[in-house]
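Enquirer: Next come a sequence and a model predicted from it.
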Amino acid sequence: MAAAAEDEQPVPGGGGGASSSWDKDLAEALDEGGCDLETLRNIIQGRCIPADQRAKVWKISLNVAGKVGSLGSWDGSLDLPEQTFIQEDCQRLIDRLSMPDEEKEQLLSDIESVITFYCKSRNVTYTQSLGWTDLLKPLVPLRMSRNDLYNCFYAIMNKYIPRDFVPRGRPFHLFRLLLQYHEPELCSFLDTKKITPDSYAISWGASLFAGCCTGDVAQLMWDVYLQQADPFLIFFLMLVILVNAKEIALSQEGECKEELIRSLENVPCNLETEDVEDLYSLALYYHARTPASFRKDNQNLFGSNLLGLRDDEMDLSQALCLPVSVSEILQANQPQGDGVRFFVVDCRPAEQYNAGHLSTAFHLDSDLMLQNPAEFALSVKSLLEAQKQSIESGSVASGEHLCFMGSGREEEDMYMNMVLAHFLQKNKEYVSIARGGFMALQQHLVDINVDGPENGYGHWIVSTSGSRGSISSSADGESPNGSGDGRGVKSLVNKMTFALKSKSVNVKEKVISFIENTSAPVERHVSSSDRVGKPYRGVKPVFSIGDEEEYDTDEIDSSSMSDDDRKEMVNIQTWLNKPDIKHHFPCNEVKETGHMFPSHLMVTASHMYCLREIPSRKGFAYIQSRQALTSMVKITSKKKHPELITFKFGNSNVSPVEILAVERYLIPNAGDATKAIKQQIMKVLDALES
């Protein structure tokens, strides 16, 4: 494992091999006073800290050495409503220690006072699930004064324990994105099992592994952790431990969810002291291969609770993959750039890409995924080959890490999200998305050029014609490198992309007789020719057909509100054999994020059902939705993608029509499906009128 991180910095906790007098130098530095963390690092240089010096080293590392703190002004009252629980937990911790009874009694008082005062001063209600006694476990054997014990506990809580580290909290959504970035196969497996990080890793992070490792291992891990002084290191340690358990997890596919969670939760229990050096080496290895945005965009996870999450903070639970800032993309791919390098994939429509794009970006027309799957597959193959060649040639556009860039407008980026989902489903590692898309890139270039163009960023945006323009017009100049390193690789993709664009332009748009594709959404009553019998009548149109030029992203997506754990599981074949099923259409349910789920639309005399297949149980599905045909107010399609159908359900008895649910499906035989559904709606209306 050490070879994997051979290009990284030395890791504290290793054996060393330097002069045997270093421990004497450490003792002298600590005794003289005024020693800081940098001095300690220079002396220790990766060696194990002597047990008799650990308390002093930790206090300096936590910046609490010599501090009085606020505990001295407290009256010592142990009168919280939850005081009994605090006493019980503290007693359990003391009972596990080997020391004289008189020392235990004093230590019990100190621990209970530390927890009680922290609750009072921070206005926190104590619960046993917080795991604070586990966090105190490595500190207790150091026999610190009560004041030092509190100061160390407070410093660790404030600097190293992520805020909102609770079930479904933001840190766990962030960790899942990190896992997906480096180990998409394992992430996908756990997602399929509905095993979220908070179900197995709360005790890992809440105690910095002290609650699940032996005392010796926990103290050695903290030796390293506190010297590194990097709060984000916890995420990478968790990642290494989980990746190390990958084979075990995948081999337990047949086990129940609860058993697999228990197995994962106990993985750190097997750590031994000799594993610590490799653990940190690998953590630094993964850290060096993670975009810096992972840290920069989430700084407020640590520190004072007064900071809080901003109102505009991105909801990580809804993120399709790891977001990366456009500023990092620009900095990383400069010739002198260090760290992660990105292969940027521009997924905007061809006309937008032609008007202006990042000079190092390669175009992948996301429309092809639905419009021409065969050409899309060819494009992806060519793109990956171009990425490989660019890396081999050392191009400025090269990078192992794929970063997808959209326009920054949600309705347009839905197709890019489908492309992203495609790569993720293929378990492609190092996949990210440019946060804010091309709009954010333009704004960033404007911002950094406030003081003048001398920094050269104005040349980052180019058009396919090479004409120069302003940043705001998305056509700003030529490639900054003239002939450009790696231009041959880029031209390969550009030629391929141009050929595909030319072909797609010549593809005739499919026109389905009963779906009226016009330049703008059209609502109309069903004409008398649409059905046999009395002409359509009544209030506002219960059902209308039109072309969907853009998605109504502010409307309700009914399927997104459901929870598989509460849905009814059914046998697909049993449903197909039901006598009341009049029509069946295999399809893919399409979410706003671009995720697609194999599903089945089934139509009865009065309702339309969506049955979503269960990947882990072949032949079974969840009833994803059940909609009355009389509540369907509109069916729309896309001109370019006639097989992508949107059904809107709502209340047509009010003006304007109230939309209550929106469902989207990719239906291979969309014409047959919508025609059958329309005819069934007509029958329902006729029955109601009669």
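Expert: Good, I have the coordinates.
Enquirer: ok, now which ones touch the nearest residue to C347 once chain neighbours are set aside?
Expert: Distances taken as Cβ to Cβ, 6 or more residues apart in numbering place M416 nearest to C347, at 3.8 Å, with adjacent residues excluded. For every residue, glycine as well, the C-beta is placed using N, CA and C. By Cβ atoms under 8 Å, 6 or more residues apart in numbering, M416 lies in contact with C347, R348, S366, F404, G406, G594.
Enquirer: what residue is smack in the middle of this protein?
Expert: With distances taken as Cα atoms, centre = their mean, the chain has L177 as the residue nearest its mean C-alpha position (3.2 Å).
Enquirer: residues in contact with the helix or strand harbouring it?
Expert: Taking DSSP states H and E as the definition, L177 sits inside helix 170-182. Residues outside helix 170-182 that contact it (Cβ under 8 Å, 6+ apart) are 162-165, 186-188, 190, 196-198, 201, 205, 235-236, 238-239, 242-243, 286, 289-290, 294, 298, 301, 309, 316-317, 319, 321-322, 424, 429-432.
Enquirer: so what secondary structure elements neighbour the longest strand anywhere in the chain?
Expert: Secondary structure of the chain per DSSP state E: the longest strand is strand 617-628. With contacts taken as 3 or more Cβ pairs under 8 Å, 6 or more residues apart in numbering; DSSP states H and E, strand 617-628 sits against strand 569-571, helix 572-576, strand 596-603, strand 607-614, strand 644-651, strand 658-666.
Enquirer: Just give me how far the fourth one sits from the chain centre.
Expert: What it means is strand 607-614. Taking the mean of its C-alpha atoms, strand 607-614 sits 27 Å from the chain's own mean (Cα atoms, centre = their mean, to the nearest Å).
Enquirer: who does it pair up with?
Expert: strand 596-603 (antiparallel), strand 617-628 (antiparallel) (DSSP bridges).
Enquirer: Single out the most deeply packed of the ones you listed.
Expert: Burial of the strands paired with strand 607-614 is given as mean neighbour count (mean count of other Cβ atoms under 10 Å); strand 596-603 ranks first at a mean of 20.
Enquirer: now that strand: mean pLDDT?
Expert: For strand 596-603, mean pLDDT rounds to 91.
Enquirer: orientation of it relative to strand 658-666 in degrees?
Expert: Computed by axes from the mean of the first three to the mean of the last three Cα atoms, to 10 degrees, the angle separating strand 596-603 from strand 658-666 equals 110 degrees.
Enquirer: So L179 versus Y286, what's the distance?
Expert: In this view, L179 and Y286 are 10 Å apart by Cβ to Cβ, to the nearest Å.
Enquirer: Apologies, that question was intended for W74.
Expert: 42 Å.
Enquirer: Spit out the residues that contact L179 and Y286 alike.
Expert: Between them, L179 and Y286 have L239 as joint contacts when contacts are counted by Cβ under 8 Å, 6+ apart.
Enquirer: hmm, back to that, W74 and Y286 - which one has more neighbours?
Expert: Neighbour count, other Cβ atoms under 10 Å: between W74 and Y286, Y286 has more, with 20 against 14.
Enquirer: residue contacts, that one?
Expert: H182, F236, L239, V240.
Enquirer: again, only using 6 Å
Expert: Y286 is in contact with H182, F236, L239, counting by Cβ atoms under 6 Å, 6 or more residues apart in numbering.
Enquirer: Turn these into a markdown table, columns for distance to D79 and pLDDT.
Expert: Below are the contacts of Y286 laid out as a markdown table (distance: Cβ to Cβ, whole Å; pLDDT from 0 to 100):
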| residue | distance to D79 | pLDDT |
| --- | --- | --- |
| H182 | 48 | 95 |
| F236 | 41 | 96 |
| L239 | 42 | 96 |
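Enquirer: And T133, how far from G594?
Expert: Counting by Cβ to Cβ, the gap from T133 to G594 is 45 Å.
Enquirer: Looking at these two, which one has more neighbours?
Expert: Counted by other Cβ under 10 Å, T133 and G594 do not tie: T133 has more neighbours, with 24 against 20.
Enquirer: follow-up on the earlier one: quick one: mean pLDDT for the longest strand of the chain?
Expert: Here the average pLDDT along strand 617-628 is 89.
Enquirer: Pull out the buried positions in stretch 144-161.
Expert: In terms of neighbour count (16 or more other Cβ atoms under 10 Å), stretch 144-161 has its buried residues at 144, 146-158, 160-161.
Enquirer: And stretch 35-50, by the same measure?
Expert: C35, L40, R41, I43, I44, G46, R47, C48, I49.
Enquirer: Repeat that for stretch 669-677.
Expert: Applying 16+ other Cβ under 10 Å to stretch 669-677 flags A670, G671, A673, T674, K675, A676, I677 as buried.
Enquirer: Now rank the contacts of Y286 by neighbours and give me the top one.
Expert: Neighbour counts for these peak at F236, which has 24 neighbours (criterion: other Cβ under 10 Å).
Enquirer: wait, that residue sits on A283?
Expert: Yes: contact status for F236 versus A283: in contact at 4.0 Å, counting by Cβ atoms under 6 Å.
Enquirer: What sits closest to W460 if chain neighbours are left out?
Expert: S359 (5.7 Å).
Enquirer: what are the phi and psi values for that neighbour?
Expert: When read as degrees, to the nearest 10, the backbone of S359 gives phi -60, psi -30.
Enquirer: Now do it, the pLDDT please.
Expert: For S359, pLDDT reads 84.
Enquirer: Y225 versus that one, what's the distance?
Expert: Separation of S359 from Y225 (Cβ to Cβ) stands at 42 Å.
Enquirer: Neighbour count: the two, which is higher?
Expert: Regarding S359 and Y225, a neighbour count based on other Cβ under 10 Å identifies Y225 as having more, with 25 against 21.
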